[in-house]
Each structure stands twice: as structure tokens, then as C-alpha cells.
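A.B. asks: this one's sequence-less:
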Ligand SMILES: [Zn+2]
């Protein structure tokens, strides 16, 4: 009976460890993908109406439109 109890404890413990490891891994990868999409800067071209985004950090000087090369400034919400 004692051996069976130890088996039960180890079995439940390893399942818990496995589930928390999976949760930790997926939570981190989820956060990383969210952060990368959050850092995108969105631009709307006032000349041709094209909508585009860049992942640059500094866009204070504006960014050129890939369609007509007009320099637009970042949309702010
Ligand atoms: Zn344009």
C-alpha cells in the first residue's frame, strides 16, 4: 500500500510539473508574439491611401510609402 501511495504522489506531481512547464512555455511565446505586433507603427498614406506598417523604433521623421514614396507620419490613436 505504501508503494502505491508513493506511485500516486509521483504520478500526480510529474503531471503537475508537466502542465506548468507547458503553461510557462506557451505563456512566454504568446507574450513575445503580442509584443512584436504591438511595436509596429502604422502609417496611412495621404496621397494614395495605402495602409502600411513598419517595425522601426524611431519614426519621428516619418516613413516613406512603399506605393508612391510620399513621406507620411505615424498615426496616433
Ligand atoms: Zn502612398
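C.D. replies: Received it, and whenever you're ready, just let me know what you need. Note that the structure is a prediction, hence the values are computed from the model and not measured.
A.B. asks: residue 63 and residue 75 touch, don't they?
C.D. replies: No: contact criterion C-beta atoms under 8 Å: residue 63 and residue 75 do not qualify, at 10.9 Å. C-beta here means a position set from N, CA and C on the backbone, and glycine is covered the same way.
A.B. asks: quick check: neighbours shared by the two?
C.D. replies: residue 43 (C-beta atoms under 8 Å, 6 or more residues apart in numbering).
A.B. asks: more crowded one of these two?
C.D. replies: A count of neighbours by other C-beta atoms under 10 Å puts residue 63 above the other of residue 63 and residue 75, at 17 against 11.
A.B. asks: ok, the more buried one - contacts?
C.D. replies: Contacts of residue 63 (C-beta under 8 Å, 6+ apart): 41, 43, 52, 54, 56, 71-74.
A.B. asks: apply 7 Å and report the result again.
C.D. replies: Counting by C-beta atoms under 7 Å, 6 or more residues apart in numbering, residue 63 makes contact with 43, 54, 72.
A.B. asks: what residues does this protein put near the ion?
C.D. replies: By C-beta under 5 Å from the ion, the residues of the chain that approach the ion are 45, 47-48, 50, 65, 67-68, 70.
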